[in-house]
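# Quick one: sequence and predicted model below, then my questions.
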Amino acid sequence: MDERERSAAEIAALRERIRYHLHRYHVLDDPELADSEYDALFDRLVALEERYPEFVVADSPTQRVGAEPLPAFDSVAHELPMLSLDKCLSEDEFAEWEARCRSRVDYEGDFEFTCEPKIDGVAVSLMYEDGVLVRGATRGDGQTGEDITANVRTVSAVPLRLLGTGYPARLEVRGEIYMPTAGFRAFNEAAAAAGERTLVNPRNAAAGSLRQLDPKLTAGRPLSLFCYSAGLREGWQPATHWSVLEAFREWGLRINPRAARTTGLAQCFDYFRGLLADRDELGYEIDGVVVKVDDFALQDALGSVTRKPRWAIAFKYPSEEATTILRGVDFQVGRTGAITPVAKLEPVFVGGVTISNATLHNMDEVARLDLRVGDTVLVHRAGDVIPQVMKVIESRRPADVNEMPRIAMPEHCPACGAAIERPEGEVVARCPAGLTCPAQRRERLRHFASRLAMDIEGMGEKLVDQLVTRELVKDPSDFYRLTREQVESLERMGAKSADNLVSAVEASRDTTLARFIYALGIREVGETTAESLASHFGQLDKLRDATLEELAEVADVGPVVAARVREFFADEHNGGVVDDLVERGVHWPAPERRVSTPLAGETWVITGTLAAMTRNEAKARLVALGAKVAGSVSARTTCVVAGPGAGGKLEQAQQLKVPVVDEKQLLGKLKRYEANDGGGHEES
Ligand code: IVH
């Protein structure tokens, strides 16, 4: 073999390895190589192909972004039409659809279905000939779409060549290209920082990205793909839709891990509810569930009407977007004095609830949106996240925009009248009055009593407001001076609730150092940082006396956080409040001498309900042993704790073969580790 032949062989081997690792990374979400190791393989292939351009082929992994910008997209006639779906908006409507299907084909038993998330992206058709991607097209009107081959080639999850064997000579894969929410946010943050146009939502973002005439622009967008059906499939006769998905998986095509087979109505309803509960944690936007009768013979018997199959339906979730009118803007003062503009909206139903407020973050955001009172705006609300104003619908503006009132930051704090400050280079404006500002005081007290802080059960926002207005509570330590009579004198407070509240205050004295630190409401010190500070210093006095250098030694504490902590404890008033709290009996266990963190490097996920402790308690104990506790399951999850009612996360763990334990096993593990680890039992 000469040098040239050896290189040809190496090029072939490299392509094979790169395809394998791309598939692990983008399709299975389970990489085996560090990014730098992958990059080295890729760079080697690029170098060899540069030396021997005659060996370059279109399906080489280096050729994703080759093409020059197009003058326009060609049109593509779909050989089989790309259908759309009928929809239903309730479980009752779904049951009616199921009954219609059964009577149409005279079916007695329960149907088998496939349920899949309905991805909010762009439908695409990917044509593979002899396993090589030859064309990508949009759906268009279902008959004719646009040729976006150069653009789909840049999407890493789209295989340029299928894996394995046994695929038909011509296979048309259909699926949805979408932008993951994390990528969408990152893209928008970068665009906003660069003063460029931001994208309105992940669906428009995906559509806009695929519509770029220059594939280099598409390549810069974080896009991914889920495949959900076969169009043309020459000579291949699978029996069920599910077997199509399984074959796709074998061929390296990305399948949604939440796709599931169900039998009968009840299992579909369980699926709808389970997926809805996990909607915010999927990492991509969905607008419902697509349910398909699984058996192809039944599908054929059911047939289609007007470009919609009778054998499939979209079960829609409440929309997370709506348009409404901006009635005005309020300015709210936060716990640390930050002034936040809040949009006052004409009430609108979105994401399953009626909202009348949405955050505008800061004045830069107001300027970016070019918002005026009276504007029609698009609002977005996902799960428990605060509703956001995404954009102004300019076409609904009156002709003379200048007639519409502009929005300006007030000069004085709406709560205390102090002159508002906005330090140069900062986006956030603040009231500098600290605890003399009643709004800051109230927010700080709410935070102190909140669930993850001192957890005074029943001490909600309304109650804190009353206590502040009636001047029964000024500083956090005043909670511990409240008398039974004072509590009973509050509005809407019966004898029973007064008893409960008094006991809850009493019970909250017994806490942990981490909670106590978090409850103090030091700027930049969230739960995790409070946890780090508590386990590092072990004792409150050590933390109070710590120098900037000592603080900076704590994991996750940088110079800014260190300065905030120093500043807080250096303040005389704060020192007094802390002393007072301790004097009023707030206490926590003496520090354990933790010498190792046996779960360091592990990531756990807790799902479902637990009986012996709350999820937060379980989380705190795992974190204390060094584990990270995450909100969603991935291939990198070490272990999932699943209690009764666990849904999607459990399924996902099983799919990804992540170990699952129940509460009893968790308790056993915690006890073992905690026993080994405390009490000065040093590891050498
Ligand atoms: S199946 C006849 N499955 O929804 C089957 N569609 O309204 C038609 N979509 O144009 C498609 N996720 O863009 C199917 N898991 C999924 C889907 C899905 C999203 C979109 C697709 C289609 C539209 C139909």
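Ah, there it is.

# Tell me how many other residues crowd Gln299.
As a burial measure, Gln299 scores 19 neighbours (other Cβ atoms under 10 Å). To be clear about C-beta, it is placed using only N, CA and C from the backbone, and glycine gets the same treatment.

# cool, Pro559 as well?
10.

# Next: Glu320.
Residues near Glu320, counting by other Cβ under 10 Å: 22.

# Name the nearest residue to it, ignoring sequence neighbours.
With Cβ to Cβ, 6 or more residues apart in numbering as the criterion, Glu320 has its nearest non-adjacent residue at 4.5 Å, and that residue is Gly351.

# Please identify the residues of this protein in proximity to the ligand?
83-85, 116, 118-119, 123, 139, 176, 228-229, 290, 309, 312, 314 (Cβ under 6 Å from any ligand atom).

# The one residue in the chain that gets nearest to the ligand in helix, strand or coil?
Going by Cβ to the nearest ligand atom, the ligand is nearest to Ala123 of the chain, at 3.2 Å. Per DSSP: H, G, I helix; E, B strand; the rest coil, the secondary structure class of Ala123 is strand.

# what's the single longest helix in this structure?
helix 3-22 (DSSP state H).

# which is the next helix or strand following it?
helix 35-51 (DSSP states H and E).

# what angle separates that next one from helix 3-22?
Counting by axes from the mean of the first three to the mean of the last three Cα atoms, to 10 degrees, helix 35-51 points 150 degrees away from the direction of helix 3-22.

# Now do helix 35-51: which elements does it pack against?
Counting contacts by 3 or more Cβ pairs under 8 Å, 6 or more residues apart in numbering; DSSP states H and E, helix 35-51 packs against helix 3-22.

# Quick one: list the elements packing against the helix it packs on.
If you count contacts as 3+ Cβ pairs under 8 Å, 6+ apart, helix 3-22 packs onto helix 35-51.

# C-alpha coordinates for the helix it packs on, PDB please?
In PDB, the C-alpha atoms belonging to helix 35-51 read as follows (Å, rounded to 0.1, in the frame of the first residue of the first chain):
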ATOM      1  CA  ASP A  35     -15.700  16.900  22.800                       C
ATOM      2  CA  SER A  36     -12.000  17.400  22.400                       C
ATOM      3  CA  GLU A  37     -11.500  13.800  21.400                       C
ATOM      4  CA  TYR A  38     -14.200  14.000  18.800                       C
ATOM      5  CA  ASP A  39     -12.800  17.300  17.500                       C
ATOM      6  CA  ALA A  40      -9.400  15.600  17.000                       C
ATOM      7  CA  LEU A  41     -11.000  12.800  14.900                       C
ATOM      8  CA  PHE A  42     -12.900  15.400  12.900                       C
ATOM      9  CA  ASP A  43      -9.800  17.600  12.300                       C
ATOM     10  CA  ARG A  44      -7.800  14.600  11.200                       C
ATOM     11  CA  LEU A  45     -10.500  13.800   8.600                       C
ATOM     12  CA  VAL A  46     -10.600  17.400   7.400                       C
ATOM     13  CA  ALA A  47      -6.800  17.400   7.000                       C
ATOM     14  CA  LEU A  48      -6.800  14.200   5.000                       C
ATOM     15  CA  GLU A  49      -9.600  15.300   2.800                       C
ATOM     16  CA  GLU A  50      -7.700  18.600   2.100                       C
ATOM     17  CA  ARG A  51      -4.700  16.600   1.100                       C
END
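
# Strands - which of the residues of the chain next to the ligand land there?
Glu116, Lys118, Ile119, Ala123, Glu176, Tyr228, Ser229, Val290, Pro309, Ala312, Ala314 (DSSP state E).

# In contact with Gly252, which residues?
Residues near Gly252 by Cβ atoms under 8 Å, 6 or more residues apart in numbering: Arg19, His23, Val27, Pro159, Leu162, Leu163, Gly164.

# could those residues go into JSON lines alongside neighbour count?
Shown next, in JSON lines, are those (neighbours: other Cβ atoms under 10 Å):
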{"residue": "Arg19", "neighbour count": "19"}
{"residue": "His23", "neighbour count": "17"}
{"residue": "Val27", "neighbour count": "22"}
{"residue": "Pro159", "neighbour count": "27"}
{"residue": "Leu162", "neighbour count": "21"}
{"residue": "Leu163", "neighbour count": "16"}
{"residue": "Gly164", "neighbour count": "11"}
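
# which pair in those spans the largest distance?
Using Cβ to Cβ, the pair of these lying farthest apart is Val27 and Gly164, separated by 12.4 Å.

# Which members of the ones in strands among the residues of the chain next to the ligand are the farthest-apart pair?
The widest separation within those (Cβ to Cβ) is 17.8 Å, between Ile119 and Pro309.

# Same drill for these two, tell me which one is more crowded.
It is Ile119, of Ile119 and Pro309, that has more neighbours when counted by other Cβ under 10 Å, with 26 against 17.

# so what's the nearest residue to that one once chain neighbours are set aside bridging to?
Leaving aside its chain neighbours, Ile119 sits nearest to Glu176 (4.1 Å; criterion: Cβ to Cβ, 6+ apart). Counting by DSSP bridges, Glu176 is bridged to Ala123, Phe226.

# Would you mind confirming that Ile148 is in contact with Phe73?
Yes - counting by Cβ atoms under 8 Å, Ile148 does reach Phe73; the two are 6.4 Å apart.

# of these two, who's got more company?
The residue with more neighbours, out of Ile148 and Phe73, is Ile148; 26 against 19, by other Cβ under 10 Å.

# what residues are up against the more buried one?
Phe73, Val124, Gly136, Ala137, Thr138, Leu210, Arg211.

# what about it, distance to Arg211?
Distance, Ile148 to Arg211, using Cβ to Cβ, to the nearest Å: 8 Å.

# Next: Asp499.
To Arg211, Asp499 is 64 Å away according to Cβ to Cβ.

# Okay, strands next: where are they in the stretch 301-450 of the chain?
For the stretch 301-450 of the chain, the strands defined by DSSP state E, counting those that start in this stretch occupy 304-305, 308-309, 312-316, 321-333, 338-350, 353-359, 376-380, 388-392, 429-430.

# Which of these sits closest to Leu540?
Closest of the strands of the stretch 301-450 of the chain to Leu540 is strand 338-350, at 26.9 Å (criterion: Cβ to Cβ).

# Partner strands of the closest one and their direction?
Strand 338-350 pairs in its sheet with strand 321-333 (antiparallel), strand 353-359 (antiparallel), strand 429-430 (antiparallel), by DSSP bridges.

# remind me which residues of the stretch 1-150 of the chain are low pLDDT?
Within the stretch 1-150 of the chain, the segments meeting pLDDT under 70 span 66-67.

# again, only using 90
The model of the stretch 1-150 of the chain has pLDDT under 90 over residues 1-3, 23-39, 58-59, 63-72, 106-109, 141.

# What helices and strands are in contact with the helix or strand hosting Leu171?
If you go by DSSP H and E, Leu171 is part of strand 170-178. With contacts defined as 3+ Cβ pairs under 8 Å, 6+ apart, strand 170-178 has these neighbours: strand 122-129, helix 202-210, strand 224-233.

# and these as JSON lines, adding distance to Glu196 and mean neighbour count?
JSON lines is the format used below for these (distance: least, Cβ to Cβ, whole Å; neighbours: other Cβ atoms under 10 Å):
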{"stretch": "strand 122-129", "distance to Glu196": "22", "mean neighbour count": "22"}
{"stretch": "helix 202-210", "distance to Glu196": "13", "mean neighbour count": "21"}
{"stretch": "strand 224-233", "distance to Glu196": "22", "mean neighbour count": "21"}
